[in-house]
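Q: This is a predicted model, with the sequence first.
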Amino acid sequence: MEIKTAKQALAAVQQNGWALKYVPEELKTAEVCLAAAQGWGTVLEYVPESLKTAEVCLAAVEKNGYALKYVPENLKTAEICLAAVKSNGRAALEHVPKNLKTAEICLAAVQQSGSALEGLPENLKTAEICLAAVQQYGLGLEYVPEKLKTAEICLAAVQQNTSALGYVPEKLKTVELCLAAVQQSSSALEYVPESLKTADLCLAVVQENSRALEFVPEKLKTAEICLTAVQQDGFALQYVPKNLKTAELCLAAVQQKGWMLQSVPKNLKTAELCLAAVQQDEVALNYVPEALKAKVKEALKKPVAKTAAAKKPAAKKPAAKKPVAKTTAAKKPAAKKPAAKKPVAKTAAAKKPVAKKPVAKKPATKKPAAKKPVAKKSAAKKPATKKPVAKKAVEKKPVAKKPVVKKSAAKKPAAKKQAAKKQAAKKAVEKKPATKKPRM
């Protein structure tokens with residue numbers, strides 16, 4: 001789409017800053033250029049010189065430090081240069097004026113990109129800057145002055161990238177440093193001095209990475225180390241000395257990688273070994289001796305037929321049926337149902353008498369349990385009235401008992417009176433016959 005208005009130009013660069021390249025010069029306003037620089041730093045190349053302000057240049061280098069290349073010299077201030085190296089250390093440092101390459105700017109550059117150390121003047125390569133550089137980029141040790149290659153800097157470099165061991169001075173290659181390197185990456189064994197390569201170290205490295213066998217000294221390549229290597233990766237067979245290439249070792253290699261048959265000595269290429277290689281990888285057939293190819297091809301068919309025949313009688317189904325039959329037979333006599341009924345009946349019988357006893361106990365316990373909470377609730381609701389009532393009732397009981405005794409005592413004289421009345425009645429009775437006599 002052709003850009004014809006300032007509005008279209010602004011919309012275009014906001015979508016893609018690089019579009020400024022196609023904006024007509026008359027439509028490149030300060031607003032359009034700033035928006036473009038914020039989106040695509042290196043587009044500063046297409047900003048008119050008259051519009052390259054400190055604001056536009058700063059926005060550009062913050063987006064991409066390499067844009068410092070297009071910043072006018074009079075605008076390359078410490079602030080803009082620092083912003084540039086923080087964005088792209090190596091590329092920006094190249095365009096920083098010599099008078100502005102301060103320790104601060106150089107440190108910021110290597111912290112962003114350790115490889116920026118390469119472009120630093122020797123007089124600016126301090127221990128602090130070199131350490132910061134290798135911590136970010138281990139291989140930057142290559143650009144560290146020899147006098148500054150200390151144990152600390154070398155260790156930091158190796159920890160960041162084990163290949164940095166290749167730039168460590170021989171006098172600083174200690175057992176600890178080399179061990180730290182190979183533990184992180186077995187490929188570092190390549191840079192370990194021969195004097196420090198022990199059998200144990202080599203075995204440990206090969207166990208981690210079989211291809212490291214390439215860097216094991218010939219005198220340390222034992223049958224154990226070589227077998228360990230090819231069992232892990234048959235490719236390692238090419239690093240095994242000829243005198244250690246046995247039938248067993250070669251078989252282990254081709255079983256892992258069939259096409260490594262090409263590294264097997266001719267005298268060891270037997271029909272059995274070739275067959276194993278081809279079974280692992282058909283490509284290995286290309287390395288089978290012509291005299292054995294027909295035999296191997298025929299053998300490839302036979303094992304398949306035998307295997308199929310072997311699988312049929314092996315028929316997992318009948319094997320599965322037998323245990324299933326046994327299991328079912330075992331389950332039937334085991335008759336879980338009758339076994340379950342007996343204990344169930346016993347349990348039921350036992351539960352019935354047991355259930356009756358607790359039934360009587362439960363109501364007995366429930367009644368007092370029910371009374372207590374009721375008493376508590378009533379006591380809680382009417383504490384003032386019920387408590388004194390209870391006390392009065394208690395007082396009345398003994399008082400009532402005493403008068404009962406007195407009344408009984410009072411009743412005794414009443415009984416005497418009755419007795420006296422009875423005697424009086426008897427006397428009266430006695431008198432009545434006395435009156436009856438004269439009537440006769």
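A: All right, it came through fine.
Q: use CA for all of it now, contacts and neighbours both
A: OK.
Q: What are the boundaries of the helices in the stretch 201-350 of the chain?
A: In order along the chain, the stretch 201-350 of the chain carries the following helices (DSSP state H, counting those that start in this stretch): 223-232, 247-256, 271-280, 290-314, 316-334, 336-381.
Q: Test my guess that residue 69 contacts residue 93.
A: No: Residue 69 is not in contact with residue 93 according to C-alpha atoms under 8 Å; the separation is 9.8 Å.
Q: In terms of packing, which of the two has more residues around it?
A: Shown here are residue 69 and residue 93; by other C-alpha atoms under 10 Å, residue 93 has more neighbours (30 against 20).
Q: Contact partners for residue 93?
A: 84-85, 101, 106, 109, 116, 119 (C-alpha atoms under 8 Å, 6 or more residues apart in numbering).
Q: ditto for residue 118
A: Per C-alpha under 8 Å, 6+ apart, neighbours of residue 118: 140, 143.
Q: And the pLDDT for it?
A: pLDDT for residue 118: 94.
Q: Do me a favour and get the end-to-end distance for stretch 174-194?
A: Taking C-alpha to C-alpha, to the nearest Å, stretch 174-194 runs 12 Å from one end to the other.
Q: From the contacts of residue 93, pick the one nearest residue 138.
A: residue 116 (12.2 Å; C-alpha to C-alpha).
Q: what secondary structure does the closest one sit in?
A: helix (DSSP: H, G, I helix; E, B strand; the rest coil).
Q: what's the burial count for the closest residue to it other than its chain neighbours?
A: Nearest non-adjacent residue to residue 116, counting by C-alpha to C-alpha, 6 or more residues apart in numbering: residue 90, 4.2 Å away. Burial of residue 90 is recorded as 25 neighbouring residues (other C-alpha under 10 Å).
Q: now do the one 4 residues further on
A: With neighbours defined by other C-alpha under 10 Å, the count for residue 94 comes to 17.
Q: I figured it hits residue 119, correct?
A: Yes: between residue 94 and residue 119 there is a contact at 6.9 Å, judged by C-alpha under 8 Å.
Q: picking that back up, in JSON lines: the contacts of residue 93, plus neighbour count and distance to residue 33.
A: Listed next are these as JSON lines, based on neighbours: other C-alpha atoms under 10 Å; distance: C-alpha to C-alpha, whole Å:
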{"residue": "84", "neighbour count": "33", "distance to residue 33": "18"}
{"residue": "85", "neighbour count": "32", "distance to residue 33": "22"}
{"residue": "101", "neighbour count": "20", "distance to residue 33": "28"}
{"residue": "106", "neighbour count": "28", "distance to residue 33": "30"}
{"residue": "109", "neighbour count": "31", "distance to residue 33": "27"}
{"residue": "116", "neighbour count": "26", "distance to residue 33": "30"}
{"residue": "119", "neighbour count": "14", "distance to residue 33": "31"}
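Q: Make TSV out of these and add secondary structure and distance to residue 200.
A: As requested, the contacts of residue 93 are exported to TSV (DSSP: H, G, I helix; E, B strand; the rest coil; distance: C-alpha to C-alpha, whole Å):
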residue	secondary structure	distance to residue 200
84	helix	49
85	helix	46
101	coil	49
106	helix	44
109	helix	42
116	helix	39
119	helix	42
